[in-house]
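Engineer: no sequence for this one, just the structure:
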């Protein structure tokens with residue numbers, strides 16, 4: 001829960017920094033150098049969050065407990081399975097901004113961070 005909140009806050013901070021950068025300087029060529037620390041922080045926190053989702057799945061599989069396997073199956077294939085999967089894959093949107101030809105475009109970085117923040121908030125509002 002803490003890492004999810006931290007990832008949401010870093011995505012929102014990344015959006016704020018991109019908006020500041022665009023309004024103050026425009027889409028100058030050196031935007032990537034300015035945004036890289038913020039993109040890296042969001043990607044790092046997102047990967048920690050993704051690691052926790054992977055560990056949750058691994059523990060359910062490795063334990064062999066019927067209850068945990070059924071709970072994980074329900075999370076992945078139940079009525080809100082798409083929310084769980086989109087939430088688990090949301091950190092990869094911020095990691096994609098580390099690719100230089102994506103990260104050099106501040107608008108694309110803002111859209112990726114907004115999509116990641118939307119996927120994070122989906123899990124809390126819809127499930």
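Structural biologist: Structure's in. What do you need? Computed from a predicted model, the values in this text were never measured in an experiment. Numbers count the residues shown, from 1 in each chain.
Engineer: Only C-alpha atoms from now on, for both contacts and neighbour counts.
Structural biologist: Noted.
Engineer: now the helices for this protein?
Structural biologist: Taking DSSP state H as the test, the helices found in the chain are 2-25, 31-63, 66-77, 81-89, 91-96, 100-103, 106-126.
Engineer: can you list those in TSV and add mean pLDDT?
Structural biologist: Converted to TSV, those look like this (pLDDT from 0 to 100):
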stretch	mean pLDDT
helix 2-25	82
helix 31-63	87
helix 66-77	90
helix 81-89	83
helix 91-96	84
helix 100-103	80
helix 106-126	77
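Engineer: can I get these in CSV with mean neighbour count?
Structural biologist: Supplementary listing: the helices of the chain in CSV, determined by neighbours: other CA atoms under 10 Å:
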stretch, mean neighbour count
helix 2-25, 18
helix 31-63, 17
helix 66-77, 14
helix 81-89, 19
helix 91-96, 23
helix 100-103, 15
helix 106-126, 19
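Engineer: pretty sure residue 39 is touching residue 100, no?
Structural biologist: No - using CA atoms under 8 Å as the test, residue 39 is too far from residue 100 to be in contact (11.1 Å).
Engineer: And the residue lying farthest from the centre of the chain, how close does it get to residue 59?
Structural biologist: What lies farthest from the middle of the chain is residue 66; by CA atoms, centre = their mean that is 29.9 Å. To residue 59, residue 66 is 12 Å away according to CA to CA, to the nearest Å.
Engineer: Same check on residue 67?
Structural biologist: To residue 59, residue 67 is 12 Å away according to CA to CA.
Engineer: do you know how far the residue nearest in space to the middle of the chain is from residue 120?
Structural biologist: When the chain is reduced to its mean C-alpha position, the nearest residue by CA atoms, centre = their mean turns out to be residue 91, at 2.8 Å. Residue 91 sits 9 Å away from residue 120, going by CA to CA.
Engineer: Please apply the same query to residue 15.
Structural biologist: Residue 15 sits at a distance of 14 Å from residue 120 (criterion: CA to CA).
Engineer: now swap in residue 20 and tell me
Structural biologist: In this structure, residue 20 and residue 120 are separated by 23 Å, where distance is defined by CA to CA.
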